[in-house]
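Colleague: Sequence first, predicted coordinates after that:
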Amino acid sequence: MSATTLGLNHQRIGAVVRRQAYVQRRGWHRWFDVAVWPVVDTVIWGSIGLYVDQQGGAARSGAAYMLVGILLMHVLYQSNIAVATGFMEETWSRNLINVATTPIREVEYLAGIIIVGLVKLAAGLGMVTLAAWTLYSFNLLEIGWAAVPIIGVLMLVGWCMALYVIGLVLRFGTGAEILAWGVLFIVIALSGAFYPIDALPDLLQPVSRSLPSTHAFEAARTVLDGHPLPWDRLGWAMVGLAVFAALGVGFISRMMRVFRDRGYISRYS
Amino acid sequence: MGVDLRVEGGERVALLGANGAGKTTTLMMLLGVITPDAGTIEMLGHLLPHERSTAMLGVGFAAGYLPLPDKLKVRELLGVYGRLYGLPDPDDAGDRALRRFGISPLATQMASELSSGQRTLVGLAKATMHHPRLLVLDEPTASLDPDVALRARAGIESLCEADGTALLVTSHNMTEVERICHRVVFLSHGKVVADGTAADVAAQFGRPSLEDVFLHLASEEL
């Protein structure tokens, strides 16, 4: 038996990583998420920013705002989608029963798809950075170390969102899969990835302020304006994240209980 | 009383009943993926659901109706499951499991491109590669050609005889059940209605064969 840490079995986590790696290697459509969409998004938002700059009316560099926005949006996107679709791969291939009847524990399975998600996140961010540099001569690394805690917060928000999505799929079946993308884009819109939240309708601003991702995007814009990293904003983001994560863990635990109590596994037989 | 079932080490038990009798649900409860409304489940000395992970180290499961996952070659698939079962040399264990069922040439084929018979045999290789103490099979030979069904049965029997593996199997093939199993348990409406050897159960219902008992209970189920 392999060594364990915190009760997690490394070999079983490795098996999940291995399984996901095979799927990634042979599923050409899976490369769109990590290689194609990041470049497409960079071109769309980078060009919009550049166009605004060319009009000469903006006090700040529109292209820089957009490109940093797209980089950080992809942190949220990649971390959420990689984990949610990693789980959904088992439902799509009707493999859930096979996996669920092995010794693997839920937390080990989640750890495996999170590790794969980290690799895909790094690849996606690398593509945005490369595209911004080659197509718009903008070096996203100029943000410096301030990007690390900001990216960390957004990555954790993305994983928490994936917990909600997986919980909904367990409870409502494959029909709920659309939420993986739907919820993500709602959060992105409300978080002000590309604009200050003052630009949102008054009605939506309180909702926006309650999201941890909003404070991370705001912190990034502050740094981009040449100010030091606003730790108070990140502090609020962390508080929001702790609440969001606690609710997410509670939600998925409840949904797994419902899944077992009502025998929803039979949906995948 | 719903289902009160005990399988001894090395014993081969068939769980029988018409569609909807509760066979698959019972198996899923024993495997820890469905929670029973009441009662307790002890698997290989471990109480479910809390000790499910440890218990499943000694259990293998395959179902004839399940596909194999997409985008994996057969050897890769077995390698993944060997690791999930904590085997020290999962790739070698996978190759040995394929040999047991006479399907070594399938190792390099994509799992999703196999015929239904080949898929079933690979599923059985997956379920037996870690030499489980209990093998749980749900309709393992459903819709298989007789020659493939024979190969599946031979592989299962060789494992049970060599390792003393206990078997809990559902099937609609009464001839196969009588050939493999020591004991049959009939379920109807989620309850055990008969438990004994095939001959005892047939006698209990005053029917000449297990097949006739099945038809009798199936007509009641409707």
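Modeller: Sure, I can see it. Computed from a predicted structure; not experimentally measured. Numbers count the residues shown, from 1 in each chain, chains lettered A, B, ... in the order given.
Colleague: so which helix or strand takes in whatever residue of chain B ends up closest to chain A?
Modeller: Minimum separation of chain B from chain A (CB to the nearest CB) falls at residue B:83, amounting to 3.6 Å. C-beta here means a position set from N, CA and C on the backbone, and glycine is covered the same way. Applying DSSP states H and E as the criterion places residue B:83 in helix B:74-84.
Colleague: who does that helix touch, helix- and strand-wise?
Modeller: Counting contacts by 3 or more CB pairs under 8 Å, 6 or more residues apart in numbering or on different chains; DSSP states H and E, helix B:74-84 is packed against helix A:10-26, helix B:90-100, helix B:116-128.
Colleague: most tightly surrounded among these?
Modeller: helix B:116-128 (a mean of 24; mean count of other CB atoms under 10 Å in any protein chain shown).
Colleague: follow-up on the earlier one: let me know the average pLDDT across the helix holding residue B:83.
Modeller: For helix B:74-84, the mean pLDDT works out to 96.
Colleague: okay, the angle between that helix and helix B:116-128?
Modeller: Here helix B:74-84 points in a direction 30 degrees away from that of helix B:116-128 (axes from the mean of the first three to the mean of the last three CA atoms, to 10 degrees).
Colleague: Contacts made by helix B:74-84 with the rest, please.
Modeller: Contacts with helix B:74-84, where a contact means CB atoms under 8 Å, 6 or more residues apart in numbering or on different chains, come from A:11-12, A:14-15, A:18-19, A:22, A:98-99, A:102-104, B:68-69, B:72, B:89-91, B:93-95, B:97-98, B:106-111, B:114, B:122, B:125-126, B:129-130.
Colleague: same thing with stretch A:132-145?
Modeller: A:42-43, A:46, A:50, A:63-64, A:67-68, A:70-71, A:128-129, A:220, A:223-224.
Colleague: Name the residues of it that are buried.
Modeller: By neighbour count on 16 or more other CB atoms under 10 Å in any protein chain shown, the buried set for stretch A:132-145 is A:132, A:136, A:138, A:140, A:143.
Colleague: repeat for stretch B:20-29
Modeller: Buried residues in stretch B:20-29, defined by neighbour count with 16+ other CB under 10 Å: B:21, B:22, B:23, B:24, B:25, B:26, B:27, B:28, B:29.
Colleague: Show me which of those residues is closest to residue A:85.
Modeller: Comparing the buried residues of stretch B:20-29 against residue A:85 with CB to CB picks out residue B:28 as the nearest, at 25.4 Å.
Colleague: list the contacts for the closest one?
Modeller: Contacts of residue B:28 (CB under 8 Å, 6+ apart): A:97, A:263, A:265, A:266, B:34.
Colleague: And the helix or strand containing it, how far out from the chain middle?
Modeller: Using DSSP H and E, residue B:28 maps to helix B:23-30. Computed by CA atoms, centre = their mean, to the nearest Å, the separation of helix B:23-30 from the middle of its chain amounts to 11 Å.
Colleague: my read is residue A:171 is in a strand, agree?
Modeller: No - the assignment for residue A:171, made by DSSP: H, G, I helix; E, B strand; the rest coil, is helix rather than a strand.
Colleague: Helix, strand, or coil at the closest residue to it other than its chain neighbours?
Modeller: With CB to CB, 6 or more residues apart in numbering or on different chains as the criterion, residue A:171 has its nearest non-adjacent residue at 4.7 Å, and that residue is residue A:255. Secondary structure, three-state DSSP: residue A:255 is helix.
Colleague: Tally up the residues packed near residue A:255, please.
Modeller: Counted with other CB atoms under 10 Å in any protein chain shown, the neighbours of residue A:255 add up to 20.
Colleague: helix/strand/coil for the residue nearest in space to the middle of chain B?
Modeller: The C-alpha lying nearest the average C-alpha coordinate of chain B belongs to residue B:137 (CA atoms, centre = their mean; 1.0 Å). Under three-state DSSP, the three-state class of residue B:137 is strand.
Colleague: ok, the residue lying closest to it once chain neighbours are set aside - how many residues close by?
Modeller: Closest residue to residue B:137 apart from its sequence neighbours, by CB to CB, 6+ apart: residue B:169 at 4.4 Å. Close neighbours of residue B:169, defined as other CB under 10 Å, add up to 24.
Colleague: mean confidence score for the host helix or strand of residue B:169?
Modeller: Following DSSP H and E, one finds residue B:169 within strand B:166-170. Mean pLDDT, computed over strand B:166-170, is 95.
Colleague: residue ranges for the helices of the stretch 151-269 of chain A, please.
Modeller: Here the stretch 151-269 of chain A has its helices, by DSSP state H, counting those that start in this stretch, at A:178-191, A:205-209, A:212-224, A:231-261.
Colleague: most tightly surrounded among those helices?
Modeller: helix A:212-224 (a mean of 24).
Colleague: circling back to that earlier point, export the helices and strands packed on helix B:74-84 as a markdown table, with columns for distance to residue B:220 and mean pLDDT.
Modeller: Formatted as a markdown table, the helices and strands packed on helix B:74-84 follow (distance: least, CB to CB, whole Å; pLDDT from 0 to 100):
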| stretch | distance to residue B:220 | mean pLDDT |
| --- | --- | --- |
| helix A:10-26 | 44 | 94 |
| helix B:90-100 | 39 | 94 |
| helix B:116-128 | 30 | 93 |
